[in-house]
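Undergrad: only geometry, no sequence info:
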């Protein structure tokens with residue numbers, strides 16, 4: 001009777017446990033889900049200093065960009081797996097689409113800078129916007145989320161959930177559109193003693209300068225037609241006009257990329273079926289859009305032009321506040337609750353007769369042969385020993401510096417040469433780039449080719465570094481321009497980035513940026529082209545953080561050849577940009 005009572009009580013207890021257990025104990029481990037969301041967002045804009053992109057800028061009055069009227073919406077699809085007995089912790093992934101829009105607001109835009117008119121005359125352009133500029137941005141972003149999930153059932157129907165993770169954004173496109181935008185293009189001309197136009201770089205114009213401004217005209221001719229006056233000058237080739245609307249203020253944002261985002265999403269769930277749950281959620285998500293601001297951005301320059309304000313931005317970090325609704329469907333083999341073990345009935349012991357003991361003969365151990373020691377191979381046998389010697393180019397003395405060896409985009413060695421100027425290391429055969437930096441010296445670089453036949457051998461390379469001192473003249477590798485233009489080619493940026501680092505590391509260094517051409521074409525046009533190219537190099541270096549006071553741009557045209565202009569090779573050598581240290 002006692003054994004029967006124990007068994008009955010245990011069975012009843014197991015049945016009650018099964019009836020009252022939360023449903024998550026029975027849910028399958030796998031799920032698929034769909035959801036939609038929407039809300040607002042705030043933005044933190046990292047804006048470039050626009051005035052640095054205008055040559056010899058004066059009296060800049062450029063407001064900070066601000067964001068307004070922001071909203072977003074999107075949807076996501078996900079699947080994942082929950083672990084453990086209670087199915088409370090899981091991992092998930094899927095797909096997310098996000099559409100966002102917002103207004104970029106620039107309250108005011110005014111600046112004066114050096115420019116060149118249609119006749120090649122130098123003048124001071126006075127540029128100003130008529131009122132605030134509002135540009136609407138519409139952005140579409142697609143990404144793959146990776147998240148950690150937590151869920152807990154409060155009752156058989158209701159539960160709480162928390163998803164958190166990152167979104168790897170794989171695609172993002174944006175368009176811009178600005179309405180009711182117009183600019184005033186005014187000018188100031190100054191003449192030297194010979195009657196040639198020169199740039200008036202005083203914050204207050206010279207009293208003898210010719211002022212083509214609305215304020216000056218109305219003061220001299222209060223009853224005149226200022227618009228007709230400006231239209232007449234524009235028809236003569238002057239870049240002037242009042243209330244000029246750009247020909248186009250809409251287009252695609254091309255310089256766009258999106259960093260990996262993070263999100264946190266708490267929710268309340270309600271089971272409408274044993275394996276189907278609705279989720280009402282809130283979501284906080286950060287999305288950083290990088291615009292890769294161009295090195296020569298100008299919102300407008302010539303009359304009728306307009307460039308999206310995103311071109312003058314480094315990034316916009318958005319913080320999204322969303323509410324959403326989703327559904328999850330669970331599938332797979334359910335996780336059932338294990339019932340308590342049944343009572344154990346102990347039977348009386350059964351007497352066993354002792355079995356006879358059998359003694360087995362132990363097998364003899366085989367004789368072990370002595371183990372021969374393993375010969376270790378020389379780890380450097382398949383490598384090439386490289387010795388780098390750093391020397392002062394002018395005096396031949398050893399130089400201490402940092403040495404970086406790269407193969408493609410991968411750095412394979414990063415070390416130092418001591419006061420002896422010598423550094424030793426081992427490399428596999430292949431093609432490498434060697435870059436050396438030393439305090440007070442220009443960066444030196446050289447290509448290094450190691451053949452397979454050089455394995456186990458030694459190779460020495462000597463790098464002579466020019467010391468930075470007043471009067472030093474040097475030329476950077478691979479600075480080039482599009483034919484007949486001052487537009488810098490893409491392959492030039494790496495060399496100019498290195499020059500920017502040298503100038504920033506040596507803030508007392510002042511250089512002349514000199515543009516040179518060959519003798520092809522008109523000498524006057526060559527002189528103007530060389531000046532424009534020198535200006536473009538200087539503008540790019542300023543965009544990389546170099547102090548404008550460290551540089552002076554001069555164009556020499558074809559007046560200072562370094563080779564014979566009668567040959568193709570000589571002409572190529574004469575087309576160059578040179579740097580001369582003026583002070584250090």
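TA: That came through, no problem. Remember, predicted model here, so these are calculated numbers, not experimental data.
Undergrad: where exactly do the strands run in the stretch 1-150 of the chain?
TA: 28-47, 58-62, 66-83, 89-106, 109-116, 122-129, 133-153 (DSSP state E, counting those that start in this stretch).
Undergrad: the ones you listed into a markdown table, with extra columns for mean neighbour count and distance to residue 509?
TA: For the C-beta atoms, the positions are set from N, CA and C on the backbone; glycine is no exception. Output for the strands of the stretch 1-150 of the chain, formatted as a markdown table (neighbours: other C-beta atoms under 10 Å; distance: least, C-beta to C-beta, whole Å):
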| stretch | mean neighbour count | distance to residue 509 |
| --- | --- | --- |
| strand 28-47 | 17 | 28 |
| strand 58-62 | 16 | 25 |
| strand 66-83 | 16 | 38 |
| strand 89-106 | 18 | 35 |
| strand 109-116 | 20 | 24 |
| strand 122-129 | 21 | 28 |
| strand 133-153 | 19 | 38 |
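Undergrad: identify whichever of these lies nearest to residue 308.
TA: Proximity to residue 308 (C-beta to C-beta) singles out strand 133-153 among the strands of the stretch 1-150 of the chain, at 6.6 Å.
Undergrad: next, the angle from the closest one to strand 109-116.
TA: 120 degrees (axes from the mean of the first three to the mean of the last three C-alpha atoms, to 10 degrees).
Undergrad: on contacts alone, who are the packing partners of strand 133-153?
TA: Packing partners of strand 133-153 (3 or more C-beta pairs under 8 Å, 6 or more residues apart in numbering; DSSP states H and E): strand 66-83, strand 89-106, strand 158-178, strand 261-273.
Undergrad: by contact count, what packs against the next helix or strand after the shortest one?
TA: On the C-terminal side of strand 261-273, the nearest following helix or strand under DSSP states H and E is strand 276-290. With contacts taken as 3+ C-beta pairs under 8 Å, 6+ apart, strand 276-290 sits against strand 28-47, strand 158-178, strand 257-258, strand 261-273, strand 313-334.
Undergrad: and the one helix or strand residue 515 maps to, what's buried?
TA: Using DSSP H and E, residue 515 falls within strand 510-516. Using 16 or more other C-beta atoms under 10 Å as the test for burial, strand 510-516 gives 510, 511, 513, 514, 515, 516.
Undergrad: quick one: the strands in the stretch 451-584 of the chain, in order.
TA: Going by DSSP E, counting those that start in this stretch, the stretch 451-584 of the chain shows strands at 458-465, 473-475, 510-516, 551-557, 576-583.
Undergrad: with distance to residue 395 and mean pLDDT added, can I get the helices and strands packed on strand 133-153 in CSV?
TA: Formatted as CSV, the helices and strands packed on strand 133-153 follow (distance: least, C-beta to C-beta, whole Å; pLDDT from 0 to 100):
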stretch, distance to residue 395, mean pLDDT
strand 66-83, 56, 96
strand 89-106, 54, 96
strand 158-178, 53, 95
strand 261-273, 55, 95
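Undergrad: go through the ones you listed and name the closest to residue 332.
TA: Using C-beta to C-beta, the nearest of the helices and strands packed on strand 133-153 to residue 332 is strand 66-83, at 8.6 Å.
Undergrad: looks to me like residue 181 is in a strand.
TA: No: applying DSSP: H, G, I helix; E, B strand; the rest coil, one finds residue 181 to be coil, outside a strand.
Undergrad: can I assume it is in contact with residue 245?
TA: Yes: in this structure, residue 181 is within contact of residue 245 by C-beta atoms under 8 Å, at 6.5 Å.
Undergrad: so residue 506 versus residue 584, what's the distance?
TA: Residue 506 sits 7 Å away from residue 584, going by C-beta to C-beta, to the nearest Å.
Undergrad: wait, isn't residue 476 in contact with residue 500?
TA: No: contact criterion C-beta under 8 Å: residue 476 and residue 500 do not qualify, at 10.8 Å.
Undergrad: any common contacting residues for those two?
TA: Counting by C-beta atoms under 8 Å, 6 or more residues apart in numbering, residue 476 and residue 500 have no contacts in common.
Undergrad: which non-adjacent residue is nearest residue 98?
TA: The spatially closest residue to residue 98, leaving aside those adjacent along the chain, is residue 74, at 4.1 Å (C-beta to C-beta, 6 or more residues apart in numbering).
Undergrad: how about residue 473?
TA: residue 580 (4.6 Å).
Undergrad: does residue 412 touch residue 427 like I think?
TA: Yes: the criterion here is C-beta under 8 Å, and residue 412 meets it with residue 427 at 6.8 Å.
Undergrad: got the buried residues for stretch 51-58?
TA: Quick answer for stretch 51-58 (16+ other C-beta under 10 Å): 52, 53, 54, 55, 57, 58.
Undergrad: could you work out the most separated pair of the residues you listed?
TA: Of all the pairs that those form, the one spanning the most space (C-beta to C-beta) is 53 and 58, at 13.9 Å.
Undergrad: quick one: low-confidence ranges for the chain?
TA: Within the chain, the segments meeting pLDDT under 70 span 1-27, 293-295, 333-377.
Undergrad: how much space between the residue nearest to residue 98 and residue 303?
TA: Where residue 303 is concerned, residue 74 sits at a distance of 41 Å (C-beta to C-beta).
Undergrad: what about residue 412 and residue 427, which has more around it?
TA: More crowded of residue 412 and residue 427, by other C-beta atoms under 10 Å: residue 427, with 18 against 14.
Undergrad: return the set of residues that bridge with the more buried one.
TA: Beta bridges link residue 427 to residue 384 when assigned by DSSP bridges.
Undergrad: that one contacts residue 450, doesn't it?
TA: Yes: if you go by C-beta under 8 Å, residue 427 and residue 450 touch, sitting 6.0 Å apart.
Undergrad: quick one: common contacting residues for the two?
TA: 384, 386.
Undergrad: beta partners of residue 41?
TA: Under the criterion used (DSSP bridges), residue 41 bridges to residue 320.
Undergrad: ok, for residue 553, nearest residue in space, not its chain neighbours?
TA: residue 534 is the one closest to residue 553 (C-beta to C-beta, 6+ apart), at 3.9 Å.
Undergrad: sorry, slip of the keys, the one I care about is residue 307.
TA: Per C-beta to C-beta, 6+ apart, closest to residue 307 is residue 299, 5.7 Å.
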